[in-house]
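Compute the structure for the input listed below.
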Amino acid sequence: MSTTETARADGKPARRRERVGPGGDPVAQGDPTGTSPQPGSGVPRASGGDVVLDCGWGRLVFGQTFHDPAAVADVLRSETAGSRDICIYLRDPHVLVSRLHDELFIDPSLTYRLPLRGRRVEPGDGPLPGLRIRPLASVADAEAVNRIYASNGMVTSPVDVLVANSATPRFLHLVAESSTGEVVGTITGVDHVEVFDDPENGASLWCLTVDFNHAPPGTGQALLSELAARLTERGRSFVDLSVLAENDGAIRLYERLGFYRTATLCVKRKNPINERLFLPALPDGYDQLNPYARIVADEAMRRGIRVEVTDPEWGELRLTSGGRTVLTRESLSELTSAVAMSRCDDKRVTRRILAEAGLRVPRGRAAAGDDTDTAFLAEAGAVVVKPVRGEQGNGITVGVRTTEALHAAVGLARRYCPDVLIEELCTGEDLRVVVIGHEVVAAAVRRPASIVGDGRHDITELIERQSRRRAAATGGESRIPVDDMTREVIAEAGYGPHDVLPEGTVLAVRRTANLHTGGTIHDVTADLHPEIAQACVTASRALDVPVTGLDLLVESPDRPEHVFIEANERPGLANHEPQPTAERFVDLLFPGTRAPQRLWSPAGAASSTS
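Below you'll find the model as predicted:
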């Protein structure tokens with residue numbers, strides 16, 4: 001099939017037309033990106049159903065030719081990456097967008113119409129001196145048009161499509177040529193009668209733009225007047241365009257030339273190119289958010305959810321969609337009850353609940369400060385000492401093997417919490433599993449901070465360098481502290497802080513894999529053993545917590561052996577990209593905004609009243 005012809009969206013041939021490939025939506029000189037019926041006239045149904053026209057930069061979807069709005073959504077959903085499709089003349093576009101607001105949006109433009117019937121304008125009437133306006137006729141012309149598009153931040157078009165389209169009566173591709181033979185402006189007209197036998201006898205205007213460095217003043221107006229004259233000669237009744245509401249200069253030009261406002265809306269698919277048209281302005285305080293709160297704000301704004309930063313330092317947001325408002329602090333929300341939060345906060349309670357649910361936890365006891373602590377150490381051989389409450393690895397000592405070390409570790413833990421837990425030391429990889437809505441969303445192995453020798457810098461310098469890299473990668477959330485624990489781990493490996501580590505030698509400098517102390521994270525979601533995944537779901541249900549980061553020690557993520565260490569009620573969602581942690585979190589908060597499992601259609605939609 002010719003790339004310049006049209007077709008029904010269902011693949012069936014429309015009269016005299018064939019299907020074409022997708023493209024994009026260039027915007028310049030007023031963003032002329034849509035057409036409109038007369039106000040109050042309704043949208044007349046055209047005869048050739050489901051008509052889509054390839055313009056090179058994107059497709060025009062003529063909504064009045066579609067009998068099922070769900071089919072319009074299917075076409076827009078098939079938009080090619082890097083292009084911008086536009087649906088015009090759709091009956092009740094706001095209804096379709098309300099059903100698919102996570103995918104589609106109403107273009108924020110004003111639509112204008114120029115009446116052509118009775119207009120006495122001849123082609124070439126009143127040309128600018130030294131400027132010739134003529135049809136696009138060659139590959140060189142198309143390349144020049146693309147250069148103008150690119151210089152104005154517009155999506156370019158395949159050269160062969162521009163040339164082929166210009167050879168058909170459906171398009172009026174015009175270029176403005178200077179006295180030196182240089183193409184300095186362009187405009188595209190689409191004749192709706194030629195495309196689908198438009199009962200309104202209309203046309204539309206697209207891609208009016210000029211080379212602002214070389215085009216003489218008035219080039220845009222000359223192109224527009226010439227297009228109107230040629231459409232008048234064809235007997236068309238009107239020509240439509242849409243312009244961004246903020247483009248005051250273009251609006252003044254159009255109104256001066258006789259255009260008037262009409263009440264129409266154009267629908268587009270949300271894509272990276274047109275994000276600024278559907279995303280709200282960044283809320284006050286956004287720039288101060290840490291990565292764990294920002295990832296939630298970004299996902300909410302992407303869906304059109306209103307975001308208010310209520311406490312940027314705390315990472316607190318107020319999210320509003322429709323009549324629902326939810327307060328969040330990073331991944332903690334009002335949906336997590338105070339009881340569930342306290343269960344995760346107190347490691348003794350976490351252990352007890354998980355054990356009662358039939359899940360494996362390390363042997364442990366509350367530190368009593370007497371001989372029973374020493375007896376437990378002797379039985380376990382090596383223990384972990386941690387404050388009952390706390391986060392980010394503060395106050396935790398791993399690998400305690402002597403009575404003296406035990407007393408010191410308990411003293412350290414009590415600086416953070418008066419209640420201290422002693423657990424047997426279990427070996428294995430440190431696994432974090434994120435469970436949202438009682439479904440596993442992400443899993444990652446966490447490894448302690450380490451450095452790699454280069455044969456030149458000493459260990460302290462290498463730690464500082466690695467710490468700076470971790471801080472830069474995490475927005476300042478991860479750094480390697482040079483404290484007693486770090487110095488102790490280095491000494492146990494047989495080094496001093498000023499020793500030069502041999503080139504290629506890897507040295508772990510922390511015992512725990514906590515990300516806040518320089519640990520690294522490695523995604524293993526696809527490798528997670530089903531038994532571990534099911535155990536994590538059981539744990540989230542036992543704790544009755546809707547969002548949790550469960551810490552386990554495992555022989556390997558793809559093997560079933562595991563032991564639960566603790567549960568975190570506020571896991572860092574940003575640590576698990578590209579897994580869809582933020583998406584699932586916002587799904588939980590606002591289930592009505594999640595991507596639909598099936599396409600809405602009028603026949604399948606439940607009726608409702610409001």
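
any low-confidence regions in the stretch 351-500 of the chain?
473, 475 (pLDDT under 70).

Just give me the neighbour total for R511.
20 (other CB atoms under 10 Å). C-betas here are computed from N, CA, C, even on glycine.

For it, which non-adjacent residue is closest in space?
Nearest residue to R511, sequence neighbours excluded (CB to CB, 6 or more residues apart in numbering): V398, at 4.1 Å.

Identify all contacting residues around the strand or helix carrying that neighbour.
In this assignment (DSSP states H and E), V398 forms part of strand 397-400. Under the criterion CB atoms under 8 Å, 6 or more residues apart in numbering, residues 377, 382-386, 405-406, 408-409, 412-413, 425, 485, 511-512 lie in contact with strand 397-400.

Out of the residues you listed, which comes closest to A73?
The nearest member of those to A73, counting by CB to CB, is T512 at 49.3 Å.

Would you agree the closest one is in contact with L425?
No - using CB atoms under 8 Å, T512 is not in contact with L425, being 11.9 Å away.

For those two, work out which one has more neighbours and name it.
T512 (20 against 15).

farthest residue from the center of the protein?
D371 (56.5 Å; CA atoms, centre = their mean).

coming back round to it: and the strand holding V398, what's buried?
397-398, 400 (16 or more other CB atoms under 10 Å).

Can I get these in TSV including distance to D454?
Output for the buried residues of strand 397-400, formatted as TSV (distance: CB to CB, whole Å):
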residue	distance to D454
T397	31
V398	28
V400	33
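
of those residues, closest to R134?
V398 (78.8 Å).

Nearest residue to A150 in space, ignoring adjacent ones along the chain?
Here the residue nearest A150, using CB to CB, 6+ apart, is T156, at 5.7 Å.

swap in P571?
G549 (2.8 Å).

partners of the one you found in the sheet?
V434, N568 (DSSP bridges).

what's near enough to touch it?
With the criterion set at CB under 8 Å, 6+ apart, G549 makes contact with 432-435, 567-568, 570-572.

go again using 7 Å as the cut-off
G549 is in contact with 432, 434, 568, 571, counting by CB atoms under 7 Å, 6 or more residues apart in numbering.

Can you tell me the number of residues neighbouring the second one?
Same thing as V434. V434: 28 neighbours (other CB under 10 Å).

same thing with the first one?
A total of 23 residues lie near R432 under the criterion other CB under 10 Å.

Could you list the low-pLDDT ranges of this protein?
1-48, 119-127, 473, 475, 595-610.

swap the cut-off to 80 and go again
1-48, 118-128, 275-276, 279-281, 390-393, 469-478, 511-516, 518-519, 595-610 (pLDDT under 80).

Surely L289 is in contact with W314?
No - if you go by CB atoms under 7 Å, L289 and W314 don't touch, sitting 9.8 Å apart.

Skipping adjacent residues, who's closest to T486 in space?
That would be V509: by CB to CB, 6+ apart, it lies 5.3 Å from T486.

Next, the contact list for the one you found, please.
Contacts of V509 by CB under 7 Å, 6+ apart are 449-451, 463, 480, 486, 489-490.

Phi first, then psi, for it.
phi -120, psi 0 (degrees, to the nearest 10).

likewise the one 5 residues further on?
When read as degrees, to the nearest 10, the backbone of N514 gives phi -60, psi 130.

does the residue nearest to it when sequence neighbours are not counted sit in a helix, a strand or a coil?
In this structure, N514 finds its nearest non-sequential neighbour in G393, 3.5 Å apart by CB to CB, 6+ apart. Using DSSP: H, G, I helix; E, B strand; the rest coil, the structure places G393 in coil.

burial measure for G455, as a count.
10.

whoops, G185 was the one
27.

Enumerate every residue touching it.
Contacts of G185 (CB under 7 Å, 6+ apart): 175-176, 209-211, 215, 219-220, 223.

and these as TSV, adding neighbour count?
As requested, those are exported to TSV (neighbours: other CB atoms under 10 Å):
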residue	neighbour count
V175	23
A176	26
T209	27
V210	25
D211	19
A215	22
T219	25
G220	23
L223	27
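
and which of those residues is nearest to T525?
Nearest member of the contacts of G185 to T525, counting by CB to CB, is T209, at 46.0 Å.

Run through the neighbouring helices and strands of the helix or strand hosting the closest one.
Assigned by DSSP H and E, T209 belongs to strand 202-210. If you count contacts as 3 or more CB pairs under 7 Å, 6 or more residues apart in numbering; DSSP states H and E, strand 202-210 packs onto helix 139-151, strand 183-191, helix 192-196, helix 219-233, strand 238-244.
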